[in-house]
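S.K.: mind looking at a prediction? Sequence and model below.
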Amino acid sequence: MSKVQTGIWIDSREALIFTMRRDSEHFERIVSEVEEYHMHSEGKSASPFVVRDALKEKRMLRRRTEQFEKFFNEVITAISQSDEVLICGPGESKLGLEKAILHKKHRNYRLIGCHTLDSLTENQIRAWIREKFGLRR
């Protein structure tokens, strides 16, 4: 039985999952439902805008956190058959995924590392992951 090695490139919009065995490769894209938001004042009112905006922002941040949790759980489900996992990506999403993986008590794979990797094409990401696992194609 060959070892299953998985590389994940992740940002807040999507996760690209490359699962590799000695004789085959599988690619999967998971699109996140994490919403982007920007706070702005909605004009004048009798109550101080600071309080109103702070409550609204707190609600939006809680919602965003829940969306990230759902996204990370989808990615973790997709890598459940892996033996080794490597995470990379440009932003902080990779760190959130790493934290979510480490909090899972019943995982059957070994987390190899978490690397900062800029936005590249799918083929460049695939080549980088192959190189990190020592696979040649």
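M.R.: Okay, I see it.
S.K.: could you give me the buried positions within the longest helix seen in the chain?
M.R.: Counting residues, the longest helix in the chain under DSSP state H turns out to be helix 49-78. Within helix 49-78, the residues scored as buried using 16 or more other Cβ atoms under 10 Å are 68, 71-72, 75-76, 78. To be clear about C-beta, it is placed using only N, CA and C from the backbone, and glycine gets the same treatment.
S.K.: for it, packing partners?
M.R.: Contacts defined by 3 or more Cβ pairs under 8 Å, 6 or more residues apart in numbering; DSSP states H and E place helix 49-78 against strand 14-20, strand 25-31, helix 93-103.
S.K.: give me the angle between that helix and strand 14-20.
M.R.: Per axes from the mean of the first three to the mean of the last three Cα atoms, to 10 degrees, the angle that helix 49-78 makes with strand 14-20 is 20 degrees.
S.K.: can you find the helix or strand in this protein with the smallest mean pLDDT?
M.R.: Lowest on mean pLDDT, DSSP states H and E among the helices and strands of the chain sits helix 49-78, with a mean of 86.
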